[in-house]
Every structure is written in C-alpha cells, then in structure tokens.
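> here is my input, please return the structure:
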Amino acid sequence: MLQRIWASVLEVNEGEIGIHSNFIHVGADSIAAMRLAQAVRAAGHALSVQEIFTSPLLRDMAQRVESGAKERQTESHNYQTASLKGLDAADIAADNVAKMCAATDYQSYALASGHLRTRGYNNYLIYDIAGPLNVARLHRACQQIVDRHEILRTVFVVRERKLAQVVLKHMPARIEYPSRVEGLARLISGDQDEEMKLGDSPVKFIIVQQASDRNSLVMRLSHAQYDGISLPILLDDLLAAYAGRRLNSSLPFSFFISHEREQLHRSDAAQQHWKKRLAGARMSDIVVHKGPPYRYVMDAAKSHTVYPQMQALPYTFATVLQTAWALVLGALGRREDVVFGYIASGRSTLTGDTIVGPCMNILPLRVRVPLSFDLALDTKQALSQVQSQYLANIPFEHYGFRHVIETCTDWPRWTRFSSIVQHNNLPAWSVSSVKQQQPDGTIWDFSSYTPPHDAADVWVSSTPSPSGGGFSIDLSYSQQAMPDDVATSMLELLCRYIETLTNVAGPASPASRRHAILEALPTLPLEHKTWTPPDSPPVTEGPSDPYKLVDRAWETVLGADSGIDGNTPFFNIWGDAILAAACLSEQYRRMGLAVSPENIIDRPTKRLQVLMLGGEVDHVV
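Coordinates of the predicted model:
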C-alpha cells in the first residue's frame, strides 16, 4: 500500500521503490509528507508527518502503520463561539453572523501590518487577461468565490485585547471598475492610500479595461486570509467559476480553528514544551531594538543560487538552511546559543492541504553552536540537532508565536523574531503562475505585488531553482538598518555554510574564505540610525480636553482595570503592539482625531499622547 502511495505522491514508478527506500532520498519534502499522510489516512490508516520523518524507510514506515496506529476520528464541528460584543461598533449586523471564533497570532500579525502606512501584507494578486473578456461573467465569478469560501467573507474585530474573526453569512463582493487608469502601479498605490478600518473586509476586486482585448483583474487580499498552500485553491476556483467548471473540494478555515488551534491552546503540554525549549534563551538580534519595530521597511534583497549535494543526506534542505543560518548568527553574534524564527506550514497534523486559510505560524528555533564548532567534525551533530527539534515541535506548531513570547519567555512582551527563515518547497504561486487559456479564448497571465514592510530585520527564504538541483537563496532587509555590503557578505557566508554542510566528502569552500568574510563583518546586533518622531503628527483639530480623550481611548481599548499610569507604554500591557496601536488609532478616529498607528507607537504612553494632542502633560497622573 505504501509503495503505491509513495509512487503516486512522488510521481515515480512503483518499481523504483523498495523496502529499503528512503522517503527523503527519493525526493520528498514536507509538502510531499503532508500529501502522503493524507493519502494514508484516506486508505483507512493513520500516519503523521512526524512519523514519516522519523521513519523514512519504507519498511519502517510500514511497520509503524501496521503496529496499531488508528485512524483519527474527526470530531464534530464544535466551534467556540465568542460573544457578539463589539459588533455594533464595527457595523456588523448580528443576524448576518454565521460564526465567530478566535483569530490566530499570524492573522493578528498580518492584519495589523495592513493598518500601518506601508499596508504590509495587504497583497495584490493580478491577472492580465488577453482577449475579449466577458465582464459580467467575471463579476459573477468574483461573487461566486466569495460565496464559496468563508475566509473571503471574514472580517476582524477586537474584543478584550484579542482579535476575533467573524464569518458573515452574506457579503457582496466589493468590485470596482475604475474609469481611467494610468498603469496598475499607480492604481495600486492609490488603493493603498485608502483608509483601513477594523471590521471592514480587506477583500476587493478591481476590473480594469486597458483596451478592447486587454483587461486586468486586481484582487486585494490580506495575508490574514490565505497562505501559500491555500492561495492556489482560491485562484483556481476563480478561473473555474469564470469558465463554468466545478470548483475545488476544500475545507473552511474554521475547521482548522476548531480542530487544531483551539484544542492546543487549551493544553498545558504546548506551553510546557515551549517553556522548556526556551528556558534561559534570548533573541539573537540583528538590529538593536528598544521598542516595537515597524519603521525599517524591507526594501532590498540579495540573491544567490547554491547547488548542495543532498542525495546522500538524511535531511531536508529546510534543515540544512536553518542549520546554516544558526551558524551565521552564532559566528556574527559571537554566541553559542542562538534563537530565530522559522515558518511552519501549520498543516503537519491536519487531514490534508485543502483548508483555505492561513494555517502558517512563526516558531522559534533554538540552536546551540559552540564557538569552537568544527565544520569538518560537527556537521552531522548540528544537522541532527535542528531536525530533531523541528520534529519535536510539530505537535505544538499551532501554539501562536505571540503566545510563545508572552507566556513562555521573559522577553519584552512586544518582542518579535529578529530574523526569520522560510523554505518554500514550490514556487510561491506554482499552480497559477503560468499562462492559462480559458474556454472563451482569453489568456490569463498571473503576477503579484506584496507591499514592502518591516516584517523582520532579516528574512531568509529559499526556493528550488527552476532548472533543478539548486536552490535560490534570498536575503531581504532594510537599507536603512543594514548596509548593502553587510547584507552581501552575510548572504555569502550563509551560502558557504550550506555548501560545507552538504558536502559529505569534505569542506566545499576554504575555511580561509569564511574567516575572511567573518573578519569583515561587524558583530551583531547592529546599531541602526537614530529615529526622531515627527514634531507634528496629523490631527484634524485640537481637542478641547486631550487628557479625557486619551484616557477614554485607552480605557476602551486596553480596559478600565489595566492599571496604566501616565508613563507606562501601552505595549507593556498588550504585547501585540502593532494591533494595539491600530486599535487606539481606530478609537481616536471615532473621536474625530486622525492619529496614525505609527504616531502611537512612537508616543507609547498616555503622557506623550496627551502632549501630542496639545494638552498639558502635568495634568496626567
């Protein structure tokens, strides 16, 4: 049975798979492991992703299945319905609410970024359409996918310092037809200037007629509504709806919330796991931060392609990349204990990859690398340490990263991961990235635009190269926080570590070259440019009693019992700093004051905000 499923998942002949075949060596990655787990479950057995990686040989995997793993019983949908408090303020009719449940930490992170001036994670998905377009049919297709997918009918509200997602029963698709467009870049820039309000849907469709036989469809979605696995489902359903074909079979995101995340957050085991994992640890900062970071937009990237020798290694490339980055942080920070974030798909324990929503999470990886580390002798130990930790984290990968920071560490509540590592098993938009011809003869060409924003000090990502055998490594950063030559050398060092870790015959690059790079690089963390908040934040008019307005805004957002004095930063009370700032900004807006989240972050206390609004700080308790 497993031989047949392996062949199907990996697209190889059954005859190429024997009892001693290794799932990783045959060409598998984490996506293939998820599909294997799903196929085994469909056959009436149980096999988790963790078990696949710990028993990669066909023989051992078969023994695991045969030894008594039982098929998981799907629980009935028992959604934890939150109260409808706060819906009136967001102009949401209670009789139009289908479901209401907690949002994930990743959703909070993505949604809050969209309320900053950079509009981070409010992403634009674009189809250039050649040929005579049936606009009425496209209009119906946009409404059809909104009707089909809960996540596109989801709006977000804040209640008791937590983000909740509200699934509406009915939501008219917001479809615009601009009459005059001077290029899509200008159209998107203008759309980013639109005011973002909590409780409003981030979803928008813009149909642009460029010429009689050339049109564009621009879709705006928040990353709080999708991930790289579910996006192709949404895009394929849009094309299917336009063509009159049957839509994909998929599961709503509320399934994920009720079956995985909610159960995990009620479990003490997850918190104990992360407390034990991070005991005594501290973040490996690349740039010094003394408060919530947001202002250094990642506006630059360096790229390089590596060709590691993976065939004989019992590790995935994701493990190699994470280990190499740990070595970079250890060497540049002169530390033997490093912590950074990595992207987890969040689907390793699910029933498959058909859930439409952002199951992903950012998890901490803690790696101990002695300063006396010898690449020729200690490579296997380092790789094993990283892969073992990854496997041990799988059962607890749904414990939100904000919960990890606030309940499992002694770090400042506003802390975020200074560097994040992400391995993409497939190109980001692999399913819909090629030109597709529809039955009516139109040709749809897909592209995307992600507004640059301050997501981390450094974001390292890898993708298999189209030619095969290699991996493209991208290092994204802010030019305001890191000099270009430092980023270039950091990437070169990372790639040399990757080559050395995967060269089983011996070091792939001379140690002298690595030492030369290290000597040229500064010690982490870097001191960035001094930031001075603007003197005159935008307000519509001077309020008559700034103290009362500030006090009322804080009490509404942070609670009457928070015990905040005039000198306590709001992010000491609510660690999700960007979301808290967005909520305070929204509250000021309702009072008739235009105060941006950025102004609030830069003036984080009651005293400073009263002064910002033209009041006398001496009156603030």
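> what about residue 495, distance to residue 65?
Residue 495 sits 39 Å away from residue 65, going by CB to CB, to the nearest Å. All C-beta atoms are positioned from the backbone trio N, CA, C, and that covers glycine.
> how about residue 437?
As it turns out, when the distance is counted by CB to CB, residue 437 lies 42 Å from residue 65.
> and if you look at residue 269?
From residue 269 over to residue 65 the distance is 25 Å, taken as CB to CB.
> just give me the neighbour total for the closest residue to residue 546 other than its chain neighbours.
In space, not counting the residues next to it along the chain, residue 546 is nearest to residue 615; the distance is 3.1 Å by CB to CB, 6 or more residues apart in numbering. Residue 615 has 21 neighbouring residues, counting by other CB atoms under 10 Å.
> surely residue 615 is within a helix?
No. For residue 615, which was evaluated using DSSP: H, G, I helix; E, B strand; the rest coil, the result is coil, with no helix membership.
> residues contacting it?
The neighbourhood of residue 615, defined by CB atoms under 8 Å, 6 or more residues apart in numbering, consists of 543, 545, 546, 547, 550.
> among these, which one lies nearest to residue 471?
In terms of CB to CB, no member of the contacts of residue 615 lies closer to residue 471 than residue 550, at 51.0 Å.
> what is the helix or strand containing residue 188 packed up against?
Secondary structure assignment for residue 188, by DSSP states H and E: helix 184-192. Under the contact criterion of 3 or more CB pairs under 8 Å, 6 or more residues apart in numbering; DSSP states H and E, helix 184-192 touches strand 122-130, strand 204-211, strand 214-222.
> closest one to residue 574 among the ones you listed?
Proximity to residue 574 (CB to CB) singles out strand 214-222 among these, at 20.5 Å.
> beyond the helix-or-strand element of the chain with minimal mean pLDDT, next helix or strand please.
One helix or strand of the chain scores below all others by mean pLDDT, DSSP states H and E: helix 262-265, with a mean of 70. If you walk from helix 262-265 toward the C-terminus, the next helix or strand you reach (DSSP H and E) is helix 268-278.
> what comes into contact with that next one?
Under the contact criterion CB under 8 Å, 6+ apart, helix 268-278 has outside partners 264, 339, 364, 366, 389, 392-393, 395-396, 398-399, 403-404, 407-409.
> beta partners for residue 129?
When bridges are called by DSSP bridges, residue 129 pairs up with residue 215, residue 444.
> re the thing from before, pLDDT averaged over the helix holding residue 188 - what is it?
Helix 184-192 carries an average pLDDT of 94.
> so how far is that helix from its chain's centroid?
In terms of CA atoms, centre = their mean, to the nearest Å, the centre of helix 184-192 is set 23 Å apart from its chain centre.
> what does it rub up against?
119, 122, 124, 126, 178, 181, 204, 206, 208, 216, 218, 220, 449, 451.
> SS state for the first one?
When you say that, I think you mean residue 119. coil.
> residues near it, how many?
If we define neighbours as other CB under 10 Å, then residue 119 has 24 of them.
> spit out the contact partners of residue 302.
Under the criterion of CB under 8 Å, 6+ apart, the contact partners of residue 302 comprise 474, 475, 484, 487, 488, 491.
> more neighbours, residue 495 and residue 65?
For residue 495 versus residue 65, the count of surrounding residues by other CB under 10 Å is larger for residue 495: 21 against 17.
> the more buried one contacts residue 472, doesn't it?
No. The pair residue 495 and residue 472 fails to qualify as a contact (CB atoms under 8 Å) at a distance of 10.7 Å.
> any common contacting residues for the two?
Taking CB under 8 Å, 6+ apart as the contact rule, residue 495 and residue 472 both touch residue 304.
> off-centre distance for stretch 219-230?
The gap between where stretch 219-230 is centred and where its chain is centred comes out at 10 Å by CA atoms, centre = their mean.
> correct me, but residue 606 touches residue 551?
Yes. Between residue 606 and residue 551 a contact is recorded at 7.1 Å, counting by CB under 8 Å.
> which one of these two is surrounded by more residues?
Between residue 606 and residue 551, residue 606 has the larger neighbour count (other CB under 10 Å), namely 23 against 18.
> let me know the pLDDT of that one.
According to the predicted model, the pLDDT of residue 606 comes to 91.
> what does residue 505 give?
pLDDT, read off for residue 505, is 52.
> do the same with residue 129
With respect to pLDDT, residue 129 scores 96.
> so what's the residue count around residue 306?
22.
> kindly report the same for residue 301.
Applying the criterion other CB under 10 Å, we find 14 residues in the vicinity of residue 301.
> what pLDDT does it get?
In the predicted model, residue 301 carries a pLDDT score of 97.
> check which helix or strand covers it.
Taking DSSP H and E as the criterion, residue 301 maps to strand 300-306.
> same question for the next helix or strand after that strand, mean pLDDT?
Reading on from strand 300-306 to the C-terminus, the next helix or strand found by DSSP H and E is helix 317-333. Mean pLDDT, helix 317-333: 95.
> who are the contact partners of residue 318?
Shown in contact with residue 318 (CB under 8 Å, 6+ apart): 29, 30, 342, 390, 423, 462.
> if I look at it, how far off is residue 474?
For residue 318, the distance to residue 474 equals 15 Å [CB to CB].
> chain center to the strand holding residue 301: distance?
Computed by CA atoms, centre = their mean, the separation of strand 300-306 from the middle of its chain amounts to 20 Å.
> can you give me the angle that strand makes with helix 317-333?
Angle, strand 300-306 to helix 317-333, by axes from the mean of the first three to the mean of the last three CA atoms, to 10 degrees: 120 degrees.
> in its sheet, what does strand 300-306 sit against?
Taking DSSP bridges as the criterion, strand 300-306 sits next to strand 471-477 (antiparallel) in its sheet.
> outside of the helix or strand hosting residue 236, which residues touch it?
Assigned by DSSP H and E, residue 236 belongs to helix 231-243. Taking contacts as CB under 8 Å, 6+ apart, the residues outside helix 231-243 that touch it are 125, 134, 137-138, 140-142, 144-145, 148-149, 152, 219, 221, 226, 246-248, 250, 354, 356, 429-432, 436, 438-440, 444, 446.
> next one: the closest residue to residue 101 other than its chain neighbours from residue 105, what distance?
In space, residue 101 comes closest to residue 257 once its chain neighbours are excluded; the distance is 4.9 Å by CB to CB, 6+ apart. Between residue 257 and residue 105 the distance is 12 Å, computed by CB to CB.
> next SSE downstream of the helix or strand hosting residue 516?
With secondary structure defined by DSSP H and E, residue 516 is part of helix 511-520. Proceeding N to C from helix 511-520, the next assigned helix or strand is helix 546-558, under DSSP H and E.
> just give me how far that following helix sits from the chain centre.
In terms of CA atoms, centre = their mean, the gap separating the centre of helix 546-558 from the centre of its chain is 32 Å.
> I'd like the distance from the helix or strand that that helix is followed by to the chain centre, please.
As assigned by DSSP H and E, the chain's next helix or strand after helix 546-558 is helix 577-590. For helix 577-590, the gap between its own C-alpha mean and the chain's C-alpha mean amounts to 22 Å (CA atoms, centre = their mean).
> for the remainder of this discussion, apply numbering that starts at 22.
Yep, numbering from 22; the last one is helix 598-611 now.
> please identify the buried residues of helix 598-611?
Taking 16 or more other CB atoms under 10 Å as the basis for neighbour counts, the residues of helix 598-611 that come out buried are 598-610.
> quick one: which of the residues you listed is nearest residue 190?
Each of the buried residues of helix 598-611 was scored against residue 190 by CB to CB, and residue 607 proved nearest at 24.7 Å.
> what distance do you get for the residue nearest to the closest one when sequence neighbours are not counted to residue 175?
Nearest residue to residue 607 in three dimensions, chain neighbours excluded: residue 219, at 5.2 Å (CB to CB, 6+ apart). With distances defined as CB to CB, the gap from residue 219 to residue 175 amounts to 13 Å.
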